[in-house]
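A.B. asks: no sequence on this one, just coordinates:
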């Protein structure tokens, strides 16, 4: 029990801080269940993600980075629903209980969770191979969820931010590849600290038809929208937003990384052409990098200027 | 993606059936988030549990049993809150994707989830050492949660069902111990198919002060109530409800197993003496085995008729 209490204490003293003064959180860690009063007129949205050591992040990674990224990647699903972050639960499976390691993990989580008002309200701790499962929960006004199934023929297709950097970063992060310290710093950050698009998601949901987040690579992910909406798309590879750093480092692989690399955690959305000005206004107001990359069509997926593979991240 | 879709299909065709006609479940598997409208006047309660192969269940166990028990043990937390089961999410980490194994796991889950109206609404599937994390969600009327912190000096302490059988079953279930087939059948069932106390929890919450479920052994678990309520307890070891089968098989170890063995998933609750008749009425009406085992005192924990160790299941 001592170890168990230690873990609780570490998390309560860092990530738990943001439960204070929250009238929706009636009961947190310490009873059989947590209890929440969802604010009136709001729906609960939630998403669950698992990160496995050696599969989703390298062995012996910095726990501070692991903690930050675990929350960031899961929060990305809330952004895609235009939801306000509310609380999360954490199932932590650990080979051993190292207080310093745990404190750093909790600190990494708090770094992103605290500023966005995401409180840790429960979870479980077990012994085993390092595996982190989070369920993040948010609130949205009833009837305002931007679904994957609402894309319409003729919609413009947009993505936020830059694509391909995180995928390019993988061999750097795992240590397989040695690069200059400047390059290391840039790409390391892109992998471990994906941009957080919550405000963007909340602002954009008024004007989009369909929206999702990109985790497994644009070419694969967009097919979820196409399938759910029963439409097609034409994308223009030359329009894909690539960083200066990526183009300089890997000019030939950059487009393939952007299309199939995964780990971007940017938003991809479709909006009627009549909303183009409104989209521009929102993205300018938020200083949000946002690029039109194609259009929704009747059927199929074609990518102008690209004839490589279209397979993204394999879950299994 | 093929494997991934396979897993989705297996679960959608079995466990997912119970989402039909549910007006609270607005959006299930297939978008970035699931979306739920919590019924008016109700709060959401939820609990997350992880089961690790080799720690919480033996290697090479029957997936049908694993599935059933994973849901049953997590649902036990809903019972302890007197909550109505609503939905669950599932994070499944698997070393390989074997359709037959997965179908059996899903069937085991459906066996318990379907009859109690618990629908699978989302989750994640990843590759790695076999680990199963569930989050179960239920609804309770606002302000009716029976907390661990509400025990009062003078309360009677009760437990439902029988204690110690599941703990005694562990060496049988792991194959360390060979027993007669009759004994095997009885104890195998006690470990893999804990009684489900949802109706009991809902009926009892009107009359209890504090309530929780027993997962780590009575002697350890009850200390959560004592600590949260700032009270003590005296238990009488001779009153502990033991099965005929356990007393016959392990007459000397039975009490220690009941106190410290864990895995019982029965309810433990305290109720004012004035409610004794009401408790009896409820338990008789439900044909619920329920035993008074002690009383809440000012401080400390003493167990009449037992002088062994009081340490239960170690989470770490």
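C.D. replies: Sure thing, it's come through. Note that the coordinates shown come from a computational prediction; the quantities given were computed from them, not determined experimentally.

A.B. asks: please make it C-alpha for all contacts and neighbour counts, starting now.
C.D. replies: Fine.

A.B. asks: tell me the buried residues in stretch A:289-307?
C.D. replies: Within stretch A:289-307, the residues that qualify as buried are A:290-297, A:301-303, counting by 16 or more other Cα atoms under 10 Å in any protein chain shown.

A.B. asks: now do the same end-to-end measure for it.
C.D. replies: End-to-end distance for stretch A:289-307, by Cα to Cα, to the nearest Å: 27 Å.

A.B. asks: can you tell me which of the buried residues of stretch A:289-307 lies nearest to chain B?
C.D. replies: Of all the buried residues of stretch A:289-307, residue A:301 has the smallest distance to chain B: 16.8 Å, by Cα to the nearest Cα.

A.B. asks: find the helix or strand that residue A:269 is a member of.
C.D. replies: Assigned by DSSP states H and E, residue A:269 belongs to strand A:266-271.

A.B. asks: the very next helix or strand once past that strand vs strand A:266-271, what angle?
C.D. replies: Using DSSP H and E, the next helix or strand after strand A:266-271 towards the C-terminus is helix A:276-285. Compare the direction of helix A:276-285 with that of strand A:266-271 by axes from the mean of the first three to the mean of the last three Cα atoms, to 10 degrees and you get 150 degrees.

A.B. asks: average pLDDT across the next helix or strand after helix A:276-285?
C.D. replies: Sequence order places strand A:290-297 as the next helix or strand after helix A:276-285, per DSSP H and E. Throughout strand A:290-297, pLDDT has a mean value of 98.

A.B. asks: flag the shaky bits of the stretch 201-316 of chain A, pLDDT-wise.
C.D. replies: A:313-316 (pLDDT under 70).

A.B. asks: need the contact partners of stretch A:200-213.
C.D. replies: By Cα atoms under 8 Å, 6 or more residues apart in numbering or on different chains, the surrounding residues in contact with stretch A:200-213 are A:76-77, A:79-84, A:144-152, A:225, A:265-272, A:275, A:278-279, A:282-283, A:286, A:288, B:31-32.

A.B. asks: tell me where the stretch 101-250 of chain A has strands.
C.D. replies: Taking DSSP state E, counting those that start in this stretch as the test, the strands found in the stretch 101-250 of chain A are A:119-127, A:131-141, A:156-160, A:210-214, A:232-236.

A.B. asks: let me know the average pLDDT across the first one.
C.D. replies: Put plainly, it is strand A:119-127. Mean predicted lDDT for strand A:119-127 stands at 90.

A.B. asks: and it, which strands flank it?
C.D. replies: strand A:84-94 (parallel) (DSSP bridges).

A.B. asks: ok, now the longest one?
C.D. replies: Within its sheet, strand A:131-141 is paired with strand A:42-52 (antiparallel), strand A:84-94 (antiparallel), according to DSSP bridges.

A.B. asks: the last one: which residues count as buried?
C.D. replies: Read it as strand A:84-94. A:84-94.

A.B. asks: and stretch A:22-36, by the same measure?
C.D. replies: Residues of stretch A:22-36 classed as buried: A:25-36 (neighbour count, 16+ other Cα under 10 Å).

A.B. asks: need these in CSV with distance to residue B:158 and pLDDT, can you?
C.D. replies: Shown next, in CSV, are these (distance: Cα to Cα, whole Å; pLDDT from 0 to 100):
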residue, distance to residue B:158, pLDDT
A:25, 29, 91
A:26, 26, 90
A:27, 24, 86
A:28, 25, 81
A:29, 24, 79
A:30, 21, 77
A:31, 18, 83
A:32, 17, 87
A:33, 20, 92
A:34, 23, 91
A:35, 24, 93
A:36, 28, 95
